[in-house]
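> Turn this into a structure:
(one chain, ligands or ions: 2)
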Amino acid sequence: MRTQVGIIGAGPSGLLLSQWLHLHGIESVILENRTREYCENRIRAGVLEHDVADLLVHLGAGERMKREGLVHSGIYLRFRGRDHRIDFANLTGGKTITVYSQHDIVKDLIAARLQAGGKLFFEVQDVSVHGLDSSQPSIRYTRNGRPEQLECDFIAGCDGFHGVSRPSIPAGVLKTHENVYPYAWLGILAQVAPSCDELVYASHERGFALLSMRTPQISRLYLQCAPDEDLNAWSDERIWKELQLRCATHGDWTLKEGPVLQKGITAMRSFLVEPMQYGRLFLLGDAAHIVPPTGAKGLNLAAADVHVLVRALEAFYKHGRQDLLARYSEVCLRRIWKAQRFSWWMTTTLHRSPEGDFVNQIHLADLDYVTSSRAASTALAENYVGLPYD
Ligand code: FAS
Ligand code: PHB
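Residues are numbered from 1 along each chain as shown. Ligands and ions are numbered 1, 2, ... in the order given. Take a look at the predicted model:
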């Protein structure tokens, strides 16, 4: 089989890329090793930057998000028992965020690709890439027990942190950057209406807590925990008790509790590779970079990589230009490093540090400054809603 762009992975990166290329008349094939059901039910991110929400609408996959997504114009930072609202709309000229589950985005994009006649193969196995430094790379895989080969002009590695694309780049080519944080998140999905109309980031001496949501009936909540935390040591009752302690305020606000539908531990790390390309292979999203989830950037960075690659591939196919393809990594990395910085700042400033009281007082002073300076809160707001695309 032959196509113009072979895409490995049917997560947000691969699906956004395939649908956007389709709008530009560029063919692609997506090869995914999991089942469609697995991809459509994997609970992950929940916050879309302003331009990413607009992109889903532009791609023809935003109707349900417009109906069911929750548009927020701010967040709360809670510390010393008091709430401080960061007013995105006021600070960024009207920009907002949309709370809409990643797995719903995946569902909507899969439906849009299939409706457009897209080639999207699930449950493929033994994926490998070949001829990356030639003009005719290929992807070999097994489907329904039969060996197959996809000839293409370009390969997009959208296969996440544990995929095959990044490891397929020869040793010595990539420079890796990594920062591992001394804590993780214990996250729950609960059958209870959110206790606040917008997200609450709570800094507390017992540890960080985040009150998020998925729908008006489903809450998404997180607790800072040890990186090697034993999930079995956390009963639902213990989780709610800890959340109550960390989210307590001087006001008459209370945290509503309900049945826990799902719980899990998410590690916290910053990771990226330079360059994000090798020959005709381009890495996108988690295949190239990981950010701690505090800044809600993971999914949004994947969309930004897609924006850069689509523009470069359109210039190649329509005008024979190679320059934007050559600069793919450079353009992506400028935004990625800024998102890494923002995610690092949100994570270290809001979490309880094991480094001792001085550092934790500095973080509280940082929160005090950000919530009392229009300049500082504007900086937070414009990073959170999403910096302009280059
Ligand atoms: P993905 O990992 O989503 O998708 C990669 C796809 O490739 C998968 O479908 C996988 O099955 C497939 N694949 C892998 N290897 C393959 C192979 N060999 N052959 C074929 N297919 C292969 N981000 C936020 O912004 N906020 C959050 O709260 C948040 N929470 C997260 C919680 C968890 C547990 C994790 C792991 C991540 C979280 N993230 C969060 C980040 C997450 O949303 C990612 O940024 C996002 O999924 C990136 O999308 P992709 O790059 O498409 O990678
Ligand atoms: C989520 O709802 O999963 C979420 C929201 C905001 C974050 C991280 C995760 O910063």
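> separation between the closest residue to ligand 2 within the chain and Tyr183?
Ligand 2 sits closest to Gly46 of the chain, with a gap of 2.9 Å, by Cβ to the nearest ligand atom. Where you see a C-beta, it was placed from the backbone N, CA and C, and this is true even at glycine. With distances taken as Cβ to Cβ, to the nearest Å, Gly46 is found 20 Å from Tyr183.
> same check, this time on Arg80
Separation of Arg80 from Tyr183 (Cβ to Cβ): 21 Å.
> Also Leu59?
For Leu59, the distance to Tyr183 equals 36 Å [Cβ to Cβ].
> for ligand 1, what are the nearby residues on the stretch 201-350 of the chain?
266, 285-286, 293, 296-299, 302 (Cβ under 6 Å from any ligand atom).
> any idea where the strands of the stretch 201-350 of the chain begin and end?
Shown for the stretch 201-350 of the chain, the strands assigned by DSSP state E, counting those that start in this stretch span residues 209-215, 218-225, 260-274, 277-278, 281-283, 289-290.
> strands paired with the fourth one, and their directions?
Taking DSSP bridges as the criterion, strand 277-278 sits next to strand 281-283 (antiparallel) in its sheet.
> The strand it pairs with: how far from the chain's middle?
In terms of Cα atoms, centre = their mean, to the nearest Å, the centre of strand 281-283 is found 18 Å from the chain centre.
> Helices of this structure, residue ranges please.
Under the criterion DSSP state H, the chain contains helices at 12-23, 36-40, 50-58, 63-68, 88-91, 102-115, 236-247, 298-319, 323-326, 328-350, 357-370, 374-385.
> quick one, the third one and helix 12-23 angle?
When axes from the mean of the first three to the mean of the last three Cα atoms, to 10 degrees is applied, the directions of helix 50-58 and helix 12-23 differ by 50 degrees.
> Around ligand 2, pick out the residues from this structure.
Residues of the chain lying near ligand 2 (Cβ under 6 Å from any ligand atom): 45-47, 199, 212, 220, 293-296.
> With neighbour numbers in mind, choose between Arg80 and Tyr183.
Tyr183 (20 against 13; other Cβ atoms under 10 Å).
> nearest residue to the more buried one other than its sequence neighbours?
Among residues not flanking Tyr183 along the chain, Gln224 sits closest, at 5.1 Å (Cβ to Cβ, 6 or more residues apart in numbering).
> repeat for Ser270
In space, Ser270 is closest to Asn179, 4.2 Å off (Cβ to Cβ, 6+ apart).
> which ones are touching the one you found?
Contacts for Asn179 (Cβ atoms under 8 Å, 6 or more residues apart in numbering) come out as 269-271, 344.
> Please repeat the previous calculation with a cut-off of 10 Å.
By Cβ atoms under 10 Å, 6 or more residues apart in numbering, the contact set of Asn179 is 268-272, 292, 340, 344, 347-348.
> so where is the stretch 1-150 of the chain shaky, pLDDT-wise?
Along the stretch 1-150 of the chain, the model assigns pLDDT under 70 to no residue.
> For the residue in it that ligand 1 sits nearest to, grab the count of nearby residues.
Residue nearest to ligand 1 within the stretch 1-150 of the chain (Cβ to the nearest ligand atom): Gly11, separated by 2.2 Å. Gly11 is flanked by 27 other residues according to other Cβ under 10 Å.
> Same question for Leu15.
Residues lying near Leu15 (other Cβ under 10 Å) number 30.
> how close does it sit to Val173?
27 Å.
> what's the answer for Ala61, then?
Applying Cβ to Cβ to Ala61 and Val173 gives a distance of 34 Å.
> which one of these two has more residues nearby?
Neighbours were counted for Ala61 and for Val173 using other Cβ under 10 Å; Ala61 has more, 24 against 12.
> Show me which positions of stretch 231-247 end up buried.
234, 239-240, 242-243, 246-247 (16 or more other Cβ atoms under 10 Å).
> Could you list the contact residues of the stretch 1-150 of the chain toward ligand 1?
So far as Cβ under 6 Å from any ligand atom goes, the stretch 1-150 of the chain lies against ligand 1 at 8-14, 31-34, 39, 44-46, 102, 127.
> give me that answer again for 5 Å
The stretch 1-150 of the chain comes close to ligand 1 at residues 9, 11-13, 32-34, 39, 44-45, 127, as judged by Cβ under 5 Å from any ligand atom.
> Among those, which pair sits farthest apart?
Spanning the widest gap among those are Ala45 and Val127, at 24.1 Å by Cβ to Cβ.
> These two: which is more packed in?
Val127 (21 against 18).
> Check the contact between the more buried one and Gly163; I expect there is one.
Yes - at 8.4 Å, Val127 counts as touching Gly163 under the criterion of Cβ atoms under 10 Å.
> what's the overlap in contacts for those two?
Common neighbours of Val127 and Gly163, using Cβ under 10 Å, 6+ apart, are 8-9, 33.
> which of the residues in stretch 220-230 are buried?
Buried-residue list, stretch 220-230, by 16+ other Cβ under 10 Å: 220-225, 229.
> and it, how far from the chain's centre?
19 Å.
> how long is that stretch end to end?
20 Å (Cα to Cα, to the nearest Å).
> Use 58 as the first number from now on
In the new numbering, first residue 58, that becomes stretch 277-287.
> For it, give the mean pLDDT please.
Throughout stretch 277-287, pLDDT has a mean value of 97.
> number of nearby residues for Pro69?
Neighbour count for Pro69, taken as other Cβ under 10 Å: 28.
> ok, now which ones touch it?
By Cβ under 10 Å, 6+ apart, the contact list for Pro69 reads 101-102, 109, 159-160, 162-163, 166, 215, 217, 341-343, 355-360, 363.
> now with 6 Å?
356, 359 (Cβ atoms under 6 Å, 6 or more residues apart in numbering).
> Let me know the distance separating it from Leu390.
Distance, Pro69 to Leu390, using Cβ to Cβ: 19 Å.
> cool, Asp254 as well?
Note on Asp254: its distance to Leu390, by Cβ to Cβ, is 36 Å.
> between the two, who's got more neighbours?
Ranked by neighbour count (other Cβ under 10 Å), Asp254 and Leu390 place Leu390 first, with 20 against 12.
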